[in-house]
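>>> Structure, please.
(4 chains)
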Protein chains: 2
Amino acid sequence: MMGKLTREAVVEQALEIGSAEGLQAVTIRRLAQELGVTPMALYWHFKNKEQLLIGMADHLIEGFVIAEDHARPWQEQLRELVTGLVRVLRHYPCAAAVLEEVDHMTVPNFLRVWDTALGLAKQAGFSYEENCLISKYLLQGAIALAAGPMSRRPSASSEERAECLRVKRATLQSLPPDVYPHIVEMAGPLIDGGTTELYDTFGVDILMTGIETMAARLRTG
Amino acid sequence: MMGKLTREAVVEQALEIGSAEGLQAVTIRRLAQELGVTPMALYWHFKNKEQLLIGMADHLIEGFVIAEDHARPWQEQLRELVTGLVRVLRHYPCAAAVLEEVDHMTVPNFLRVWDTALGLAKQAGFSYEENCLISKYLLQGAIALAAGPMSRRPSASSEERAECLRVKRATLQSLPPDVYPHIVEMAGPLIDGGTTELYDTFGVDILMTGIETMAARLRTG
DNA sequence: ACCTGAACACCGTTCAAGT
DNA sequence: ACCTGAACACCGTTCAAGT
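Numbers count the residues shown, from 1 in each chain, chains lettered A, B, ... in the order given. Just a heads-up that it's a prediction; the model follows:
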């Protein structure tokens, strides 16, 4: 709110608003108001709103450094890259939402992570095209995981969130059991989805197990 | 444009606009104009725009029927469910975008597919929570696959799309090779991502292989 | 270089009123 | 039941002008 109106200050304020009230609250006009400035002032620093979102996405991954250890197996390193990315994205509740809204190719720091993933995937022994897809799936999976529980309505005061979950579970439970038998039965675990640790590890486990198993099949014929 | 202004007519017109010009072109006012009616007329048929999007999502999956064959193995059936869903979503270029914008739990036909997936996942032998996550990952994966190549700017006339891809590839190739070595090297396959068949099958293969391998480990210890 | 004022062309939505 | 007119409170963006 004080200090110079720099690109970084704008981006950080945007991430703050997005994390506190949801990404839809991040508007040029609202942002300007929060920064004590005219909406048009932002257009000197960003060509348009898309560039602002790209700046937000880039800022999110800025602090994510990947230790390239050429000695350790690629499986281990790939798994660490994915879980590390998820952990970094969890710093801002709106992080996943931001990354879902921008073209990843336009975000320099995302390209940096992607490049590392691509280099590791190459060691698995798949074709070029398959390596590209594997790296895409893993990064996409990381974003999906980071978007997982909560992070949707970040404003809610944990009492509100609990209330929201209760309403959702009740909605599922009151569905006609003859057409949605399993959904009604599993309404509980479907909504709060088990512990956060299970949620964060299980998805990566499935993906990495699939990749490793298929890589092993390549070698054995 | 002619005929009665029914819920279905509105939804179909919305999907048509979204598929021809992108989902961001689907606006209450634009929709009303295309239907030869006042914007407020739509508010008699839909409470708000969110309900319209839910209606669009529901309509997309309407024609997707899953043959429940209790004799065949669950792996086979789950894979068929995912590929079938992808195929149905491909009917409208904006389908994946619609599903990414709505809460899946509010879409009856999506719940129907989810229920089937949940029932099949239960046969794998995982815990309740893990079954829920598996079904989520598979459906989420199907949507991601359907959003894959093209479907982003559906208006582009295949010449424009080719031009757009060429620009993107050139962008990647002209990146500094010392910081993005693998990206620059793989710019080609990264952009056009191999054949469509590879794109559609490889993702499901990884997920299903991961699930099957982990399920097998449960049984063997 | 950095910011403001005024204006344009859009949004979704409400509410009273028409038939 | 089904639709319209007028209005409200928003958007992103441009363009000339200020300092």
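>>> which strands and helices sit next to the helix or strand bottoming out on mean pLDDT in chain A?
Sorting the helices and strands of chain A by mean pLDDT, DSSP states H and E puts helix A:159-173 at the bottom, at a mean of 89. Applying 3 or more C-beta pairs under 8 Å, 6 or more residues apart in numbering or on different chains; DSSP states H and E, we find helix A:159-173 packed against helix A:181-185, helix A:187-192. Yep, even glycine has a C-beta here, placed from its N, CA and C like the rest.
>>> between the ones you listed, which gets the lowest average pLDDT?
Looking at the helices and strands packed on helix A:159-173, the lowest mean pLDDT belongs to helix A:187-192 (a mean of 93).
>>> Going by contacts, tell me the helices and strands next to it.
Counting contacts by 3+ C-beta pairs under 8 Å, 6+ apart, helix A:187-192 is packed against helix A:159-173, helix B:128-146.
>>> between the ones you listed, which gets nearest to residue A:198?
With C-beta to C-beta as the measure, helix B:128-146 is the member of the helices and strands packed on helix A:187-192 nearest residue A:198 (6.0 Å).
>>> Who are the packing partners of that closest one?
Secondary-structure packing of helix B:128-146 (3+ C-beta pairs under 8 Å, 6+ apart): helix A:128-146, helix A:187-192, helix A:196-220, helix B:74-89, helix B:95-101, helix B:108-121, helix B:196-220.
>>> try 10 Å
Here helix B:128-146 touches helix A:128-146, helix A:181-185, helix A:187-192, helix A:196-220, helix B:74-89, helix B:95-101, helix B:108-121, helix B:196-220, going by 3 or more C-beta pairs under 10 Å, 6 or more residues apart in numbering or on different chains; DSSP states H and E.
>>> If you compare the directions of the first one and helix B:196-220, what angle comes out?
Inter-element angle recorded for helix A:128-146 and helix B:196-220: 60 degrees (by axes from the mean of the first three to the mean of the last three C-alpha atoms, to 10 degrees).
>>> so what's residue A:75 up against?
A:120, A:123-124, A:208-209, A:211-212, A:215 (C-beta atoms under 10 Å, 6 or more residues apart in numbering or on different chains).
>>> So which residues on chain A come close to DNA strand C?
Selection of chain A residues close to DNA strand C by C-beta under 7 Å from any atom of the strand yields A:4-5, A:37-38, A:40-41, A:43-45.
>>> try 10 Å this time
Within reach of DNA strand C by C-beta under 10 Å from any atom of the strand, chain A has these residues: A:4-7, A:9-10, A:29, A:32, A:35-45.
>>> Restricted to buried residues, select those in ChimeraX.
Selecting only the buried entries of these in ChimeraX, with 16 or more other C-beta atoms under 10 Å in any protein chain shown as the criterion:
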select /A:10,32,35,42,45
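>>> give me the number of residues near the nearest residue to residue A:109 once chain neighbours are set aside?
In space, and not counting its chain neighbours, residue A:109 is closest to residue A:61: 4.0 Å by C-beta to C-beta, 6 or more residues apart in numbering or on different chains. When neighbours are counted by other C-beta atoms under 10 Å in any protein chain shown, residue A:61 registers 19.
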